[in-house]
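Trainee: Need a 3D model of the following:
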Amino acid sequence: MQKIRLTTAQALLRFLDNQYVSVDGEETKFVKGVMGIFGHGNVTGLGEALEYSAGDLTFIQGKNEQGMVHAAAAYAKQKNRKQIYACTTSIGPGALNMVTAAATATVNHIPVLLLPGDNFACRQPDPVLQQLEIKHDYTVSATDAFKSVSKFWDRIERPEQLMSSLLQAMRVLTDPAEAGAVTLALPQDVQAEAYDYPAAFFEKRVHYIERRPASSEAIQRAIALILAKKKPLLIVGGGVHYSGAIIELLAFAEAFQIPLAETQAGKSAVAWNHPLYVGAIGVTGALAANRIAKEADLIIGVGTRYSDFTTASKSAFQHTDVQFLNINVNGFDAIKLNGVSVVADAKEALVALQTALTKTNYQSAYEAAQISELKAVWDQEVDRLYGMELADGLSQTRVLGEINRFLSPRDVVVCAAGSLPGDLHRLWRSSEPRTYHMEYGFSCMGYEVSGAFGAALAEPDRDVYTVVGDGSYLLLHSELLTSLQERTKITVLLFDNHGFQCIHNLQRGHGSQGFGNEFRYRSEETGRLSDGYMPIDFAAHARSLGAKAYTATSVSELQEALKQAKEETISTLIHIPVIPGTNSDGYDSWWRVGVPEVSNSEDVLKAHNKMDDEIKAIKL
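Mentor: Residues are numbered from 1 along each chain as shown. As a prediction, this is how the structure comes out:
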């Protein structure tokens, strides 16, 4: 047997460089490269291997460990999980900075490979710089924090352990049902240790992502359920995108006259002007979708995990006999809400269901006029919000309307947290698939700029825009610099509403007067953050990093800035001051939050009682 002597780090890269996935006969190199920030825990191990033995792997220098993992996750998401970047850091704080982004990837079923440095396996130099010392368990290090946010975790304490561990890592990374963060902790001494690896370990390996068909029994159960119902509603989740099942989904809906509503992850699967499209569903949903959801006697969820925002904290579905049919490749999600489960690939399941249901001559009880009437009412409401004019400044919805009208159908919009996801989910009019890139499984503040960079890496022939609030931008914007370094243009549309206004609205909606969420100066009189807003020149900040930047305080300035930004060849930021509280809200939806049962505020007590009554009214 031929052997190759390599360090653990060199062997790791050589293996990753030869991994491929095959979907429907199309083969793709799975690992594009490695994003990294070097420190004493990885620079002389993986750093050396990347410098001299990277093969065809690309190296991208991150600026913030959390940010670069967000970028890697966004890249994988935009690539429909067919290609990834790995991420490497030093031990201690460098590693721990990735934990939040690891959780974000895992919640969203996005494959990312994390390679944090770790303590010396030999323990001779202990305690080294940045090492945790846990007195009751000396095997614990900072990288143990990844266990709760990873779909697979391992610590490579001997070079030969890499061989079995990497196979398991690839199993998870390429599994549509299990994909998420995979963490391989790499002690810094082991990274540099050599071993005689079998040459066969480094040969090209193809991982076949095969579509799981629905069993005939599952199809029969599903058909029996559908035939017993008159008013089904299709909820389109992110699994429709990952399965590539958009054509099959539309064919199924059109064949049986079933309206379509979308989750945040599913949005852009269906064009906004499709006759059966009734809009976003749930807390951030459209009036049309939420009204149809209330009277639906069957919910057919395709590739959705039914978050509380999708179900409006289980209040969205109010028909006495409502039931759920769940099509999902992940059995964990398929059984939610006591649903009849079809554990299968979405495309395979929809084709099988349509074939079987066509033989029964089934049609839903919806009249085409009923759906179009609801759509027309909602379209008028979107037009109203998109055209909202205020005497003292720009409304958030008006700005989104101008942006939506300006962007081409192929442009990609990225977002993640704050009040903007609600407005985008409700109001944004998507015409083409994979143009709406929302991280709302974790709703992680700080994803926006990093995510836009990752999406732009994945889609070099499209313009990528990130819609971000000032709060999220201040939290994490480091990869704006990386986008400039990599000559990968993104456009940052920064909505400046002077703070964390989404949560400020949530406070005031439940009895609070508003506390600690606006960017105000501390008052000498009250001791609270209640004086004037802090003036922040975000355009100047972006220019200081080397980006182009504009400020738009009127519709005409915004229109001109969008035109100028489109023509720029490098990353650009448009600073857009908007009036706080001018986002959309409501539309027959409700969200359950914890409201204090005891308070010094009468308004809070009233809000608690109201919440309690609403909780008791939930039928599910």
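Trainee: any idea which residue of this protein is furthest from its center?
Mentor: M1 (45.0 Å; CA atoms, centre = their mean).
Trainee: residues contacting the residue nearest to that residue when sequence neighbours are not counted?
Mentor: Leaving aside its sequence neighbours, M1 sits nearest to P198 (CB to CB, 6 or more residues apart in numbering; 5.7 Å). Heads up, the C-betas are built off the backbone N, CA and C, glycines and all. By CB atoms under 8 Å, 6 or more residues apart in numbering, P198 lies in contact with 1-4, 163.
Trainee: Got phi/psi on P198?
Mentor: In terms of degrees, to the nearest 10, the main-chain angles of P198 are phi -60, psi 130.
Trainee: cool, and the one 3 residues further on?
Mentor: Reported as degrees, to the nearest 10, the phi and psi values for F201 are phi -60, psi -20.
Trainee: can you pull the contacts of the residue lying closest to it once chain neighbours are set aside?
Mentor: Of all residues not flanking F201 in the chain, M163 sits nearest, at 5.8 Å (CB to CB, 6+ apart). Going by CB under 8 Å, 6+ apart, M163 touches 197-198, 201.
Trainee: want to throw the residues you listed into a markdown table with distance to S268?
Mentor: Listed next are the contacts of M163 as a markdown table, based on distance: CB to CB, whole Å:
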| residue | distance to S268 |
| --- | --- |
| Y197 | 44 |
| P198 | 45 |
| F201 | 40 |
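Trainee: Now do the end-to-end distance for stretch 112-129.
Mentor: The first and last residues of stretch 112-129 sit 27 Å apart, counting by CA to CA, to the nearest Å.
Trainee: meant to ask about stretch 429-437, not that
Mentor: 13 Å.
Trainee: Other residues contacting it?
Mentor: Contacts for stretch 429-437 (CB under 8 Å, 6+ apart): 74, 77-78, 80, 241, 246, 267-269, 271-273, 382, 404, 409-415, 424, 428, 451, 455.
Trainee: in that stretch, what's buried?
Mentor: Neighbour counts over stretch 429-437 (16 or more other CB atoms under 10 Å) mark 429-430, 433-437 as buried.
Trainee: try stretch 539-559
Mentor: 539, 541-542, 545, 547-552, 558.
Trainee: contacting residues around it?
Mentor: Contacts of stretch 539-559 (CB under 8 Å, 6+ apart): 393-394, 398-399, 402-403, 406, 480-481, 484, 492, 538, 560-561, 564-565, 568, 570-577.
Trainee: now swap in stretch 171-182 and tell me
Mentor: 21, 30, 81, 84, 102-103, 105-114, 146, 149-153, 169, 207, 209, 242-243, 329-331, 345.
Trainee: picking that back up, looking at the buried residues of stretch 539-559, which is nearest F59?
Mentor: Using CB to CB, L545 is the member of those that lies nearest F59, at 21.0 Å.
Trainee: so what's the closest one scoring on pLDDT?
Mentor: According to the prediction, L545 has pLDDT 97.
Trainee: One more: the one 3 residues further on?
Mentor: Per-residue pLDDT puts K548 at 98.
Trainee: and the next element down the chain from the least confident helix or strand in the chain by mean pLDDT?
Mentor: The weakest-scoring helix or strand in the chain, judged by mean pLDDT, DSSP states H and E, is helix 501-508 (a mean of 86). The element immediately downstream of helix 501-508 (helix or strand, assigned by DSSP states H and E) is helix 538-545.
Trainee: can you give me how far that following helix is from the chain middle?
Mentor: Distance of helix 538-545 from the chain centroid (CA atoms, centre = their mean, to the nearest Å) equals 27 Å.
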